[in-house]
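Asks: Predicted model and sequence below, questions to follow.
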Amino acid sequence: MSTTGDPKSTFENTPSGWASRWSAEFTYAKEFHRKWQVKGQLVVSKFLDRDTKTNDPQAPGYNLNLFSANVTTLQSMLYGRIPQVSVDRRWADPEDQVARVASEMAERLLNADIEEEGEDLSSVLKNCLQDRLLPGIGVARVRYDFDEGKDEEANPSEQETVEDAEEGNPEGEEEDGVVKKESEEDVPATAVKNDEWIEDIYVPWKDVMWSPARFWSEIRWIAFRTYKDQEELKRFLGEEEFKKLKLDDLPFNSKSPLEANSARVSEIWSKCELWEIWDKETKTVFWWVDGYNRILKSVEDPLELCSFFPCPPFFIANVTTTEYIPKADYTFAESLYREIDVLEERIALLTKAVKVVGVYDKKSAPNISRLINETAENKLIPVENWAMFAEKGGIKGVVDFFPLEDIVNALEQLQKQQQERISQLYQITGMADILRGDSPERSGVGTNQLKAKFASLRVQAIQDEFTRFATDLQKLRLEIVSKHFDAETIIRHSNIMLTYDDDPTLVMKAVEFLKDTEISKWRIIIAPESMAMVDYSQLRQERTEYINSLGIFLQSSAPIAAQYPEAAPVLMELLKWGLAGFKGSKQIEGVIDRALAAMQKAASQPKQQQPDPALQKIQMEMASDQQTHQQKLAEMGQKHQMEMTKLQLGFQIEMKELQARLTEVEAKMHQSSHEAANTIAVNASKPPPPLSLGQPPAPAAPAPSAPSVGAPPNALPNA
């Protein structure tokens with residue numbers, strides 16, 4: 001660590017020298033901050049309706065705390081919903097897929113812990129906004145931490161290194177060099193990071209101090225105050241370093257952060273006021289106790305941020321280039337607030353005086369007071385010495401009431417004067433514009449939203465500044481992610497592998513791109529995100545607008561793609577280009593990329609020459625006729641086959657019938673031959689009859705013959 005120029009070069013580069021340096025720096029800085037801190041406490045007391053001198057609660061009815069009402073209204077307008085971080089490509093280039101996936105991963109990481117309980121982003125921003133509206137400054141910082149698992153194999157060598165260092169410095173001259181210890185932000189060389197995270201931390205406005213400067217870029221150092229007891233200090237420094245401290249010299253008798261008055265509570269809460277100083281000139285973080293003769297700890301540039309400081313530029317009110325000191329909004333209308341309170345006190349006192357009181361002659365009319373003190377409705381009050389009572393003029397003669405006309409007139413004038421002062425107050429603070437934007441009649445929802453959104457340019461300016469502050473805080477978180485998170489942690493926490501962009505090669509390129517901050521800062525950007533209540537449905541409106549635009553585009557491009565298929569990739573490129581301009585479209589761009597890649601692959605394959613449409617029509621007709629002819633031939637062949645089968649079956653049946661008839665004929669012929677043979681034999685055994693004279697003998701009968709083979713079946717032989 002090197003010393004700086006005049007006058008800081010007069011301090012030695014040792015723990016004692018740095019303690020002297022910071023003691024001198026804080027002496028001057030406390031005087032620089034004293035006035036606005038005192039004024040800030042008065043503003044907070046005013047908001048809490050406390051007496052600005054004694055800090056005790058105000059008596060009820062004697063002040064009109066419009067300041068508290070105005071601050072509450074502004075706070076509700078400026079911060080109406082949980083913020084959502086938006087990370088996108090800086091120029092929305094549709095072909096820059098690596099930057100698109102990297103921005104999607106970064107957006108998922110930053111939004112992961114927004115809705116968690118405790119010191120989450122929402123609580124931090126609410127507290128910072130309240131500090132901005134009251135004392136005039138809101139401060140938040142980031143802290144990097146991880147779940148450490150040590151490498152056991154590296155421990156022996158680490159122990160040897162520590163022992164060698166102790167042997168090389170036997171005298172233990174701790175004053176000759178700055179004590180070096182690893183902070184929570186440092187990553188030990190032998191550490192294994194099981195898990196990593198970034199915390200958003202709210203810093204109370206009383207617990208921050210910076211070097212006197214005219215504007216932010218001139219600030220040389222920023223200090224954050226914390227309170228630690230002895231056990232916390234031992235865990236922070238380590239047991240070995242804690243033993244070297246001179247505890248009697250440390251101011252452990254400081255009051256607690258709760259400013260407890262009880263001695264017992266103060267003893268329990270007894271803590272040491274520790275300042276964490278980020279010195280931009282030496283790129284070193286120091287831990288120092290005001291009044292101690294040496295610094296407790298120092299670490300060189302633990303986060304390696306471009307701006308070095310772990311906090312964005314302050315959310316500061318009414319700062320000028322003369323000096324970088326906040327000026328609360330209350331101070332510009334303080335006289336009006338005080339005058340309104342004085343008028344309210346007088347109105348309250350006169351209101352109490354407006355009552356029916358008077359005097360009466362008790363001696364001459366002792367019962368006349370019963371007209372007011374008792375229920376005298378439909379009753380007669382007896383009066384003694386009526387003649388004397390009547391001579392004095394009756395009731396008017398014995399009763400005289402306190403004059404209220406002057407009091408009522410004064411009360412009316414005070415109320416009128418108060419309304420004029422309230423109107424002036426609204427003009428100065430800008431609340432009049434907000435009230436004019438609130439229409440009493442029932443108008444459309446969109447009209448009321450526009451009135452609320454554009455009611456006051458001054459309110460809009462504060463909202464833009466608040467958005468800038470929240471965006472800068474997330475930029476610091478993204479820078480820490482890029483420089484310190486492991487690739488496995490980024491992939492696991494972003495859950496990117498379960499999206500459409502699950503290509504390992506593309507994911508690893510996106511991680512490498514994200515960790516290269518010198519390149520990524522030119523290609524991705526954290527866009528400002530509105531946090532006002534009137535913009536609650538903005539995301540739904542944007543997606544609805546995109547769906548409508550997409551429907552119109554598809555309806556217009558479908559006929560072109562049907563008539564000219566080669567134009568489909570061009571249309572997809574146009575769709576992709578238009579999609580890149582919509583907020584929150586990164587999730588669906590992966591689907592478009594896949595479809596476009598498939599189209600380009602299909603278009604790159606060689607295609608046959610397209611035939612002439614007339615020839616193609618003739619070929620189609622010939623193919624149709626050929627198909628019809630083949631179908632008819634198939635039907636005819638099937639029919640012919642059925643007829644042949646039928647004829648063959650009939651022929652087989654006829655052959656069987658002919659065979660049966662032939663068998664029957666053969667049987668009959670055999671029987672006839674047998675009968676004929678028997679008849680011849682019988683005739684031959686008988687003697688011939690005697691011949692008559694004059695008759696010729698009868699001719700002999702011819703012998704029967706067998707039928708021929710080729711004779712028809714009905715040609716039977718004669719018997």
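Replies: Thanks, I have it. Numbers count the residues shown, from 1 in each chain.
Asks: Quick one: mean pLDDT for whichever strand or helix holds E621?
Replies: Using DSSP states H and E, E621 maps to helix 613-685. The predicted model gives helix 613-685 an average pLDDT of 81.
Asks: And D96, how close does it get to V481?
Replies: 20 Å (C-beta to C-beta, to the nearest Å). Every residue, glycine included, has its C-beta placed from N, CA and C.
Asks: higher neighbour count, the two?
Replies: Remark: of D96 and V481, V481 carries more neighbours, 23 against 18, as counted by other C-beta atoms under 10 Å.
Asks: sec struct for I325, please.
Replies: coil (DSSP: H, G, I helix; E, B strand; the rest coil).
Asks: got the contact list for it?
Replies: Contacts for I325 (C-beta atoms under 8 Å, 6 or more residues apart in numbering) come out as 32-33, 35-36, 319.
Asks: Just the buried subset of those residues, please.
Replies: The neighbour count (16 or more other C-beta atoms under 10 Å) marks 32-33, 36, 319 as buried among those.
Asks: still on that earlier bit, helices or strands up against the helix holding E621?
Replies: For helix 613-685, there is no helix or strand it packs on, judged by 3 or more C-beta pairs under 8 Å, 6 or more residues apart in numbering; DSSP states H and E.
Asks: show me the residues around A317 that make contact.
Replies: Counting by C-beta under 8 Å, 6+ apart, A317 has contacts 132-133, 136-137, 326-329.
Asks: what does the model give the closest residue to it other than its chain neighbours for pLDDT?
Replies: Closest residue in space to A317, ignoring its immediate chain neighbours: G136 at 3.8 Å, by C-beta to C-beta, 6 or more residues apart in numbering. Per-residue confidence at G136 stands at 95 (pLDDT).
Asks: burial measure for G136, as a count.
Replies: For G136, the number of neighbouring residues by other C-beta under 10 Å comes to 25.
Asks: just checking, it touches F315?
Replies: No. The pair G136 / F315 is not scored as a contact, 9.4 Å apart, by C-beta atoms under 8 Å.
Asks: Buried subset of the contacts of A317, written for PyMOL?
Replies: A single PyMOL command selects the buried members of those (16+ other C-beta under 10 Å):
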select buried, resi 132+133+136+137+326+327+328+329
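Asks: of the contacts of A317, closest to A19?
Replies: Closest approach to A19 among these (C-beta to C-beta): I137, at 27.5 Å.
Asks: Past the worst-scoring helix or strand of the chain on mean pLDDT, which element shows up next along the chain?
Replies: Every helix and strand in the chain was compared by mean pLDDT, DSSP states H and E; the lowest is helix 155-168, with a mean of 40. Toward the C-terminus, helix 155-168 is succeeded by strand 191-203 as the next helix or strand (DSSP H and E).
Asks: Show the end-to-end separation of stretch 234-246, please.
Replies: End-to-end distance for stretch 234-246, by C-alpha to C-alpha, to the nearest Å: 13 Å.
Asks: now, the most widely separated pair of the contacts of A317?
Replies: Greatest spatial distance among the contacts of A317 (C-beta to C-beta): L133 and K327, at 12.7 Å.
Asks: what about the strands in the stretch 401-550 of the chain?
Replies: In the stretch 401-550 of the chain, the strands defined using DSSP state E, counting those that start in this stretch lie at 524-527.
Asks: circling back to that earlier point, next step: the contacts of A317 restricted to strands.
Replies: I137 (DSSP state E).
Asks: Out of the contacts of A317, the closest to E273 would be?
Replies: The closest of the contacts of A317, once distances to E273 are taken by C-beta to C-beta, is I137, at 20.2 Å.
Asks: what's the closest non-adjacent residue to that closest one?
Replies: P326 (4.2 Å).
Asks: circling back: same list, the contacts of A317, but as CSV with distance to F401 please.
Replies: Output for the contacts of A317, formatted as CSV (distance: C-beta to C-beta, whole Å):
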residue, distance to F401
R132, 55
L133, 50
G136, 53
I137, 57
P326, 56
K327, 53
A328, 49
D329, 48
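Asks: Which residues belonging to the helix or strand encompassing F389 are considered buried?
Replies: For F389, the host element (DSSP H and E) is helix 386-391. Neighbour-count burial for helix 386-391, with 16+ other C-beta under 10 Å as criterion, is recorded at F389.
Asks: go on, stretch 341-348?
Replies: Here stretch 341-348 shows 341, 343-348 as buried, counting by 16+ other C-beta under 10 Å.
Asks: possible to save the residues you listed as JSON lines with distance to S211 and secondary structure?
Replies: Formatted as JSON lines, the buried residues of stretch 341-348 follow (distance: C-beta to C-beta, whole Å; DSSP: H, G, I helix; E, B strand; the rest coil):
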{"residue": "D341", "distance to S211": "38", "secondary structure": "helix"}
{"residue": "L343", "distance to S211": "44", "secondary structure": "helix"}
{"residue": "E344", "distance to S211": "43", "secondary structure": "helix"}
{"residue": "E345", "distance to S211": "43", "secondary structure": "helix"}
{"residue": "R346", "distance to S211": "47", "secondary structure": "helix"}
{"residue": "I347", "distance to S211": "48", "secondary structure": "helix"}
{"residue": "A348", "distance to S211": "48", "secondary structure": "helix"}
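Asks: residues touching the residue nearest to A317, list them.
Replies: 36, 40, 43, 316-318, 326-329 are the contacts of G136 under C-beta under 8 Å, 6+ apart.
Asks: so of the residues you listed, which ones are in helices?
Replies: Mapping these onto helices (DSSP state H) picks out 36, 40, 43.
Asks: Of those, just say which sits nearest to C128.
Replies: G40 (14.1 Å).
Asks: which one is that closest one nearest to, not counting chain neighbours?
Replies: P135 (2.9 Å).
Asks: isn't P135 right next to P326, touching?
Replies: Yes. Between P135 and P326 a contact is recorded at 6.8 Å, counting by C-beta under 8 Å.
Asks: Please enumerate the shared neighbours of these two.
Replies: 36, 40.
Asks: Does F401 touch V357 like I think?
Replies: Yes. Counting by C-beta under 8 Å, F401 touches V357, with 7.1 Å between them.
Asks: Counting neighbours, what do you get for the closest residue in space to M431 that isn't next to it in sequence?
Replies: Spatial nearest neighbour of M431, excluding adjacent residues (C-beta to C-beta, 6+ apart): N70 at 5.7 Å. Residues near N70, counting by other C-beta under 10 Å, number 22.
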